[in-house]
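Colleague: Got a sequence here, can you model it:
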Amino acid sequence: MGIASEFREFAIKGNVVDLAVGVIIGAAFGKIVDSIVKDLIMPLVGKVIGGLDFSNYFVMLSAAPADFKGPMTYEALTKAGVPLFAYGNFITVAINFVILAFIIFIMVKQINRLKREQPAPEPAPAPPTPEDIVLLREIRDSLKLR
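Modeller: Residues are numbered from 1 along each chain as shown. Model (predicted):
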């Protein structure tokens, strides 16, 4: 069996296709959760704790270049090549992870609940007893009566 045919057999198997679909849906779902955290949750958290923007929490590890004229924001300093210890960005990513993990937990819990609610399939009826066995049992039973 050649390598090309082995690869084709591997790639066509259902598990590989299911995995590919899962990765694609997971990437899209990750973007949705990222947007929820960045655009909805973090502004609310910032508002509750005093209007703070976590993305601009950082420590500059070296001075900005002398010709740097932009604002002292994470984006501008990163673009200028200034090394930053961006703990605010880490806080945002950590909250993103917790929310994503919680959503996946809820989804798996619901899927498991739906699986349990499905009625178990009825067992297949036993095949009929062959005629010769039935006749032998009748003979046996008639001999016991004597």
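Colleague: Which positions in the biggest helix by length in the chain come out as buried?
Modeller: Criterion DSSP state H: the longest helix present in the chain is helix 87-117. Counting neighbours by 16 or more other CB atoms under 10 Å, one finds that the buried residues in helix 87-117 are G88, N89, T92, I95, N96, L100. Just so you know, the C-beta spots here come from the backbone N, C-alpha and C atoms, and that holds for glycine as well.
Colleague: all strands for the protein, in order.
Modeller: Using DSSP state E, the strands found in the chain span residues 59-60, 84-85.
Colleague: Show me what the first one packs onto, helices and strands only.
Modeller: So the one you mean is strand 59-60. Contacts defined by 3 or more CB pairs under 8 Å, 6 or more residues apart in numbering; DSSP states H and E place strand 59-60 against strand 84-85.
Colleague: what about the strand it packs on, average pLDDT?
Modeller: Average pLDDT, strand 84-85: 92.
Colleague: what's the span of stretch 121-139 from first residue to last?
Modeller: Terminal residues of stretch 121-139 lie 37 Å apart, using CA to CA, to the nearest Å.
Colleague: So what's the residue count around the nearest residue to G70 once chain neighbours are set aside?
Modeller: Counting by CB to CB, 6 or more residues apart in numbering, A76 is the residue found nearest to G70 once chain neighbours are left out, at 4.0 Å. Around A76 sit 14 other residues, with neighbours defined as other CB atoms under 10 Å.
Colleague: Can you give me the distance of A76 to A86?
Modeller: Look at A76 and A86: by CB to CB, to the nearest Å, they are 13 Å apart.
Colleague: now do D67
Modeller: According to CB to CB, D67 and A86 sit 23 Å apart.
Colleague: quick one: which of these two has more around it?
Modeller: Just comparing D67 and A86: by other CB under 10 Å the higher neighbour count belongs to A86, 19 against 6.
Colleague: ok, that one - contacts?
Modeller: Applying CB atoms under 8 Å, 6 or more residues apart in numbering, we find A86 in contact with Y57, F58, Y74.
Colleague: The second one touches V82, doesn't it?
Modeller: By that I understand F58. No - assessed by CB atoms under 8 Å, F58 is found out of contact with V82, at 9.5 Å.
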